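Visitor: Any chance you could fold what I've pasted below:
(2 chains)
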Amino acid sequence: MIRLEKVSKVFPLEAGNFHALKENDIHIKKGEFIAIMGPSGSGKSTLLQLMGGLDLPTTGSIIVDGVELNRLNEKERTLFRRRKVGFVFQNYQLLPMMTVAENVSLSLAANKASKAEIKARVQQLLQDVNLEGKASHFPSQLSGGQQQRVAIARALVMKPGLILADEPTGNLDRKNGEGVLQLLSRLNKEEQITVVMVTHDRHAAETADRIIMIRDGEVVQEGQDGGDWH
Amino acid sequence: MNLWQMAWRNLMRRKLRTLLTVMSIVIGTGSTLAVIASVDTAKKVFPLYLKAAFGKADYTIYGTEAYFSEEVYKEVKKLKNTVSIAVLKENTKLHFEQEGLSAIQKRVDLAGYSNLDTPLTNFKLIKGDLTSGGAIITDRTAKVWKTDVGDTISFDTDKGIQTIQISAIVKYTVELMGPSSWMMAKYHPWTVAVPLSVVQDWFGLSGKIENVQIKSVHDSETNAVGQQVDEFVKRFDGIYMQPVVIDFDAHFKEVETFFLALYIAGFLGIALSAFIIFNSFYVSIKERKNEFAALKTMGYAPEQLRTFVLFEVILLSIVGTAAGLLLGYGLAIVLKAVIFLVFSVHDEGSMVFAKGIVVSVLAGILVPIAAALYPIRQAGKVSVIEVLKESRSTAGSLKKWPGIIGMLLILSGFFIKHLLLILPLLIGVALVFPYLFQMFVFLLKPVYRLLFGFSGEVAARNLNRNPGRTAMTSAILCLGIAMIVLMSSLNTALIQTYEKVIYSSYGGNLDIMFHHIEKTDLEQLKKIEGVADAQTYSLQSVIWTLNGQKRKLPVYGVGEEWIDRFPLFAVSGKSHSELIKSLDKDEIILDKIAFGVWGGKIGESISLQTLQGTQSFKVVAVVDTMKNSGYGAFMSEDNFRDRFGLKYERNALVLKDEHTSPLQLRERIFDQFGVRIMEMFGPEDWVSVISATFTGSFTIINFLVVLSILISGIGITNTLLINIMERVRELGMMRAVGVTRSQVIKMVLLEGLGIGLAATVIGCVCGILLIYITSTFLEVNSLTYQFGVSWTIILLSGLFGILISLVSSFTPASRAAKTQLSEALRYE
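Guide: Next comes the predicted model:
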């Protein structure tokens, strides 16, 4: 599903170049649930953004679902994200002036889908994430856990094969966090959606099939147990 | 680090926003300086110009016939403490061989002076000699004729071709008024000054003169000289004396209204920049809440935080004001030149800058500080606890009191019968605007959704997210649009009204001024092909003593048998002839302007100087006229002759037949009378003069308003940039979930367009309201105008507003599209 070969990312800074990622090779199979862990500034989020085509590597290549992202232009990468990838963020990133239904349908609307198609899909997704009856609510009227579930529904709206989640439980209490993890896990198992999740939380990481440990821009360990990075 | 350094660094954090805010101060200060300096210069120069142009003499002696004996002048010269000149003017034609020039273009007024180098002529010598007995022309004339001192010029006179050498070239002056090109010579004759004896000799008028101009040597003795001259004229038959009256009102009747409109337009510039400053600092304080909270936790007192921001405002205003003064200096010079051009004042004197600089510096420094006071206060009030809590972006709600105050201010506009009503009305509109804006966006939403789909939907929703800021930005543009609509419509409406009155009170298709009319002239005139009818009339500019001050009043002698065919005024209720017939001996009709200047009531009397001394005339009616710029009085012909004793007439009115064009009529009449004609003026000439003056005046005002609209454009850019910065994470998320760059660009452009559309629609409605209110009371030259809306003006103003909003949205849109996704999603 995802293949990273010799991927490096360098950010030019005034004080000199900052190597966020250093020649990493990562391979993720279709249907896998991966947790990426590591200390702050280790390059976890950068890795996730490169996988989603939000940014391009300085060197190396990234192939997602058979598509080499380096070869796509800006617009092609946008359309690739729209169709193939679902993003979930730590702070949900819902649009405050839009209702739950409108937030969920964002990618469909950008894709000029018909009203009927949007309505049916949104209804289905809200049911899947247990938010029936909240369609016309605004994000500010929901709890954190509910908002994150809306964000997951939004990520699923285009039926992507890959979900990239950046600290999806970071802003949630344990109970709500648990609910979100169960949802991601269910989607992974039942829908065969590949999930890549960045997390600080060892408990959350344990939901995954595999943990990739990253430190100073380098993958240091891979496996069922990421080891102790503290 | 000192406070200035800190302020500078803070301002440099948002370079583009700082630049835009400074630009608004630059334009505001610049327009303030330009308006005050150019108006002050005009106010100082106009009376001096009039005095220099028309008031070199203190008294003039005229004859009751066209000419009188030069002996009078010889006696005048004996009067103590006076300087004097005798004048004799004749019309002639330049003998000039050049292809394509018609006879009309060669008309010359030949002015004979007994002395060409006196304070009474006051020619400013450029080249040559004033006393060597040759001809004197202006630099403007010399340039068109391509002649120089020492060259000769020839004229076709009654005694054949006469030649004279040019002895001097002088600066352009009213005495030697002339056209600026051969083309303009179709409308105005040239003027050449020559020694008196030359005119007398060439025209067989030996020993004759037309008038004597007298000036007191010492200003303090002007009255004593006046008494001397008064006694002097009683010794001779057929002459009378008139003091030279500088009638500022008659020359620059509506100049004060124009200056007021200029001040309002200038004020608009600085007022709109205040909005921008408020907006910028309000947002800047919001952005830096965390920093202020952190500083507070470190022990900084609220007044210290306020001082930080105050220094930023002062630094910004100093930079803006300094640059604004430079811009204002240039603008003032341009504005002065255009104002002088519009009012036909030729003066190369220096500008009056002092007051303008003081006011614009004060405005440039104090207005930004006043505008930023509220945000500065907010900086000190930042609560650490509040900041530590995560804030949720919620749509703000509108307070009721600004709306109520706004409505009251708008209503007050209906009761203020003065152009100043614009100020409370526009402030009222600004206060009510957020409500109107919300309503507009509500209506816009389905339209946007239908036309622009996803981007339109998001843009419409974004318009409602910061109602205060977005609506205020739109309000700024709205005020500019309202002013443009009002001023352009006033321009058109006034010209149309003038046109109507000019045609209804011109007295025919052409007014010809001869040097003097001979007995057979009228019959000859009537026989000319294309002339349907003709009529001569009497006109005398008499001295009117009003509140102890002398002013001039043109009085027309009107015959009841011809006034219906040649209406010199417009009257309602009865016919012109009935009105004239009903006049008793000492009764007079005033036009609206003279009536307004007088300030009396129908039935009361005015004092006019007649041949029999000062006499009272009862004002029995008021009429509309645009004859002589709409300033004069009318009395019956017989009574006029009795009172003013003029034994000759100079003017003839002509009606053309249907098949003759105005130009053909002029050419045929000129062919018949040639150089005896001093001036030919038709209603169409008058309309074009009035149109040029009005359009010129309103163009200046509109130029200032356009500057304000540019400030509004800056406001739109600023607000959109702020919005984008606030929503950078949202934009990042949208791009992450597959919204394309072009969709983001469209979204921001549509948001800007929405601001512009609301401003344009509400601004046009507000402009129409202003037109309606002003049409109920505003009088320009005593003429009111009918309420009417020019859809062309509305359309052009609307397109301009939309264009400004779209152009202003480009930078923010491109910035939004270039948002670095990885940065945006990391942004906290």
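Visitor: What strand or helix carries A:Arg3?
Guide: Here A:Arg3, judged by DSSP states H and E, is contained in strand A:2-13.
Visitor: State the three-state secondary structure for the residue nearest in space to the middle of chain A.
Guide: For chain A, the residue sitting closest to the mean C-alpha position, by CA atoms, centre = their mean, is A:Leu164 at 1.6 Å. Put simply, A:Leu164 is strand when judged by DSSP: H, G, I helix; E, B strand; the rest coil.
Visitor: count of neighbours near the residue of chain A found nearest chain B?
Guide: Closest contact between chain A and chain B, by CB to the nearest CB, is at A:Arg82 (2.3 Å). For every residue, glycine as well, the C-beta is placed using N, CA and C. Residues lying near A:Arg82 (other CB atoms under 10 Å in any protein chain shown) number 23.
Visitor: Can you name the residues that contact the residue nearest to the centre of chain A?
Guide: Counting by CB atoms under 8 Å, 6 or more residues apart in numbering or on different chains, A:Leu164 makes contact with A:Leu48, A:Met51, A:Gly52, A:Val85, A:Gly86, A:Phe87, A:Val88, A:Val196.
Visitor: and the third one, backbone torsions?
Guide: Yep, that's A:Gly52 we're talking about. Phi and psi for A:Gly52, reported as degrees, to the nearest 10, are phi -90, psi 0.
Visitor: shouldn't it be in contact with A:Arg82?
Guide: No: taking contacts as CB atoms under 8 Å, A:Gly52 lies outside contact range of A:Arg82: 11.2 Å.
Visitor: quick revisit: local confidence estimate at the residue of chain A closest to chain B?
Guide: For A:Arg82, the model assigns a pLDDT of 88.
Visitor: Equivalent analysis for B:Leu325, please.
Guide: B:Leu325 carries a pLDDT score of 95 in this model.
Visitor: Could you double-check that it lies in contact with B:Leu362?
Guide: No: using CB under 8 Å as the test, B:Leu325 is too far from B:Leu362 to be in contact (12.0 Å).
Visitor: quick one, which of these two is more surrounded?
Guide: Legend: neighbour count by other CB under 10 Å for B:Leu325 and B:Leu362, higher for B:Leu325 (21 against 13).
Visitor: For the more buried one, which non-adjacent residue is closest in space?
Guide: B:Leu33 (6.2 Å; CB to CB, 6 or more residues apart in numbering or on different chains).
Visitor: List the contacts of the one you found.
Guide: Counting by CB under 8 Å, 6+ apart, B:Leu33 touches B:Gly324, B:Leu325, B:Gly328, B:Tyr329, B:Leu331, B:Ala332, B:Phe353, B:Gly356, B:Ile357, B:Val359, B:Ser360.
Visitor: Which single helix of chain A contains the most residues?
Guide: What stands out as the longest helix in chain A, according to DSSP state H, is helix A:174-191.
Visitor: what angle separates it from strand A:162-166?
Guide: 160 degrees (axes from the mean of the first three to the mean of the last three CA atoms, to 10 degrees).
Visitor: so what strands line up beside the helix or strand following helix A:174-191?
Guide: As assigned by DSSP H and E, the chain's next helix or strand after helix A:174-191 is strand A:194-198. Strand A:194-198 pairs in its sheet with strand A:33-37 (parallel), strand A:162-166 (parallel), by DSSP bridges.
Visitor: helices and strands around whichever helix or strand comes after strand A:194-198, which ones?
Guide: Downstream of strand A:194-198, the first helix or strand assigned by DSSP H and E is helix A:202-205. Under the contact definition 3 or more CB pairs under 8 Å, 6 or more residues apart in numbering or on different chains; DSSP states H and E, helix A:202-205 sits against strand A:33-37.
Visitor: make it 10 Å
Guide: When contacts are defined as 3 or more CB pairs under 10 Å, 6 or more residues apart in numbering or on different chains; DSSP states H and E, helix A:202-205 sits against strand A:33-37, helix A:174-191, strand A:194-198, strand A:210-215.
Visitor: Which of the residues in that helix are classified as buried?
Guide: In terms of neighbour count (16 or more other CB atoms under 10 Å in any protein chain shown), helix A:202-205 has its buried residues at A:Ala204, A:Ala205.
Visitor: Most tightly packed of the helices and strands packed on helix A:202-205?
Guide: Mean neighbours per residue, mean count of other CB atoms under 10 Å in any protein chain shown, is largest over the helices and strands packed on helix A:202-205 for strand A:194-198, with a mean of 26.
Visitor: right, is stretch B:9-20 up against chain A?
Guide: No: using CB under 10 Å from any CB of the partner chain, we find that stretch B:9-20 stays clear of chain A, coming within 15.4 Å at best.
Visitor: How far away from the center of its chain is that stretch?
Guide: 38 Å (CA atoms, centre = their mean, to the nearest Å).
Visitor: try stretch A:125-145
Guide: Counting by CA atoms, centre = their mean, stretch A:125-145 comes out at 20 Å from the chain centroid.
Visitor: now swap in stretch A:178-185 and tell me
Guide: For stretch A:178-185 - counting by CA atoms, centre = their mean - the centre lies 13 Å from the chain centre.
Visitor: Specify the local secondary structure of B:Gly557.
Guide: At B:Gly557 the chain is in strand, as set by three-state DSSP.
Visitor: Need the phi and psi values for the nearest residue to B:Glu71 once chain neighbours are set aside.
Guide: With sequence-adjacent residues excluded and distances taken as CB to CB, 6+ apart, B:Glu71 is closest to B:Gly207, at 7.6 Å. B:Gly207 adopts backbone torsions of phi 80, psi 0, taken as degrees, to the nearest 10.
Visitor: how about B:Gly207, what does it touch?
Guide: Contacts for B:Gly207 (CB atoms under 10 Å, 6 or more residues apart in numbering or on different chains) come out as B:Tyr67, B:Phe68, B:Ser69, B:Glu70, B:Glu71, B:Gln200.
Visitor: Narrow those residues to just the buried residues.
Guide: With neighbours counted using 16+ other CB under 10 Å, those contain these buried positions: B:Tyr67, B:Phe68, B:Glu70, B:Gln200.
Visitor: Which neighbouring elements make contact with the longest helix of chain A?
Guide: Counting contacts by 3+ CB pairs under 10 Å, 6+ apart, helix A:174-191 packs against strand A:33-37, strand A:85-88, helix A:115-128, helix A:144-156, strand A:162-166, strand A:194-198, helix A:202-205.
Visitor: which stretches of the stretch 301-450 of chain B aren't confidently modelled?
Guide: Per-residue confidence for the stretch 301-450 of chain B (pLDDT under 70) gives these ranges: B:348, B:385-398.
Visitor: what does chain A give?
Guide: In chain A, residues with pLDDT under 70: A:224-230.
Visitor: And the next helix or strand past the helix or strand B:Ser84 falls within?
Guide: Using DSSP H and E, B:Ser84 maps to strand B:82-94. Per DSSP H and E, the first helix or strand lying C-terminal to strand B:82-94 is strand B:107-113.
Visitor: Give the next helix or strand downstream of that following strand.
Guide: Strand B:107-113 is succeeded, C-terminally, by strand B:125-128 (DSSP H and E).
Visitor: Out of the contacts of B:Gly207, which comes closest to chain A?
Guide: B:Tyr67 (87.7 Å).
Visitor: Please name the nearest non-neighbouring residue to the closest one.
Guide: Sequence neighbours aside, B:Lys208 is the residue nearest to B:Tyr67 in space, at 4.0 Å (criterion: CB to CB, 6+ apart).
Visitor: The one you found reaches B:Ser197, doesn't it?
Guide: No: checked against CB atoms under 10 Å, the pair B:Lys208 and B:Ser197 is beyond contact range at 11.4 Å.
Visitor: show me the contacts for residue 145.
Guide: Answering for chain A, as no chain was given. A:Gly145 makes contact with A:Thr169, A:Asn171, A:Leu172, A:Asp173, A:Lys175, A:Asn176, A:Gly177, A:Glu178, A:Gly179, A:Val180, A:Leu183 under the criterion CB under 10 Å, 6+ apart.
Visitor: let's do chain B instead
Guide: Neighbouring residues of B:Trp145 by CB under 10 Å, 6+ apart: B:Leu94, B:Phe96, B:Gln98, B:Ile137, B:Asp151, B:Ile153, B:Ile166, B:Gly178, B:Trp182, B:Trp190, B:Val192.
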